[in-house]
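S.K.: only geometry, no sequence info:
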């Protein structure tokens, strides 16, 4: 059975708003996508009830994506934990309204913030993340939503970089309310064998994001896509694959994602080539 393939609206714009939602939903549906990844950069950028109506009109499913900007963190050293928990509650509420069962993102620290830790500090930070995530994990579970925690590459965080670290850090919480979000971009930087890391994550996988190894189109790169898809089958992951790439035309997102050059002749072409490649690979 073909997989659900989603596309993140960051491919075209940032932030997603009520004004940009309908044209992007139409575009995604016409390109053959089954769902949208909906970044919630700021609570109120888009109205969940209106968004649900737009998605329904175009026959699209939804995944909510958390945006960990400055100050958002479950580690007090680098952010406001209480405000971050409230933000995650808003993401959970939005997901419930739009019919998404996953909120994905690197919830532990602001993206792009990294610092050196010795073994003792790392244990303390991991324990802090676990404790502060548990507060909202039960609320997510009660609403049928999974908080899918994403490990990032070493240039974007020093908290969780690999599947092994993430499983170790979150093992007491994994299950109802908490899972892992795996992004092939980060896997190709941090894992010795991305397919083996996917298999190791197994039933903890709650969401998967994909893109080329240069953050461009799937299939234009050197990734072993048949091997990755086989590993997802071996892990018994049958959830969506979400294309996450970024437009370089928006200054904020270009700097945040280090998009210094065009990743395709156009963002539409990046999206169309990616879904065509995924379907050709058997997704």
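M.R.: Everything's here; your move. Not measured: the values here are computed from a predicted model. Numbering: from 1, shown residues only.

S.K.: Now residue 38: which helix or strand?
M.R.: Element membership of residue 38, judged by DSSP states H and E, is strand 35-40.

S.K.: What's the first helix or strand after that strand?
M.R.: Following strand 35-40 toward the C-terminus (DSSP H and E): helix 48-58.

S.K.: Check which element follows that following helix along the chain.
M.R.: By DSSP H and E, the next helix or strand past helix 48-58 is strand 61-66.

S.K.: residues touching residue 114, list them.
M.R.: Contacts here follow CB atoms under 8 Å, 6 or more residues apart in numbering; on that basis residue 114 touches 154, 155, 156, 157, 158. In this view, the C-beta of every residue, glycine as well, is placed from N, C-alpha and C.

S.K.: Restricted to buried residues, select the residues you listed in PyMOL.
M.R.: Here is the PyMOL selection string for the buried members of those, based on 16 or more other CB atoms under 10 Å:
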select buried, resi 156+157+158
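
S.K.: Please produce CSV containing the contacts of residue 114, extended by pLDDT and distance to residue 57.
M.R.: Shown next, in CSV, are those (pLDDT from 0 to 100; distance: CB to CB, whole Å):
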residue, pLDDT, distance to residue 57
154, 97, 42
155, 96, 39
156, 96, 35
157, 97, 37
158, 98, 43
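
S.K.: Show me which of the contacts of residue 114 is closest to residue 144.
M.R.: Among the contacts of residue 114, residue 157 lies closest to residue 144 (CB to CB), at 28.2 Å.

S.K.: ok, the closest one - contacts?
M.R.: 106, 108, 109, 111, 112, 113, 114, 151.

S.K.: Near the fifth one, how many other residues are there?
M.R.: Other residues within reach of residue 112 by the criterion other CB atoms under 10 Å amount to 16.

S.K.: The first one now?
M.R.: With neighbours defined by other CB under 10 Å, the count for residue 106 comes to 23.

S.K.: distance of it from residue 48?
M.R.: 22 Å (CB to CB, to the nearest Å).

S.K.: if you go through the stretch 1-150 of the chain in chain order, where are the helices?
M.R.: Under the criterion DSSP state H, counting those that start in this stretch, the stretch 1-150 of the chain contains helices at 18-31, 48-58, 81-98, 119-142.

S.K.: Which strands or helices does the first one pack on?
M.R.: Going back to what we said before, that points to helix 18-31. Secondary-structure packing of helix 18-31 (3 or more CB pairs under 8 Å, 6 or more residues apart in numbering; DSSP states H and E): strand 35-40, helix 48-58, helix 267-280.

S.K.: can you redo those as a markdown table with distance to residue 223?
M.R.: Below are the helices and strands packed on helix 18-31 laid out as a markdown table (distance: least, CB to CB, whole Å):
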| stretch | distance to residue 223 |
| --- | --- |
| strand 35-40 | 19 |
| helix 48-58 | 29 |
| helix 267-280 | 10 |
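
S.K.: Can you check which of these gets nearest to residue 125?
M.R.: Using CB to CB, the helices and strands packed on helix 18-31 put strand 35-40 closest to residue 125, at 25.0 Å.

S.K.: Could you pull up the mean pLDDT of that closest one?
M.R.: For strand 35-40, mean pLDDT is 98.

S.K.: what distance separates it from the centre of its chain?
M.R.: 9 Å (CA atoms, centre = their mean, to the nearest Å).

S.K.: Repeat that for stretch 232-243.
M.R.: 13 Å.

S.K.: now stretch 4-16
M.R.: On CA atoms, centre = their mean, the centre of stretch 4-16 falls 11 Å from that of its chain.

S.K.: Span of it from start to end?
M.R.: 21 Å (CA to CA, to the nearest Å).

S.K.: And residue 220, how far from residue 7?
M.R.: 16 Å.

S.K.: The two: which is more packed in?
M.R.: Each of residue 220 and residue 7 has its neighbours counted (other CB under 10 Å); residue 7 has more, 28 against 16.

S.K.: Fine by me, thanks again.
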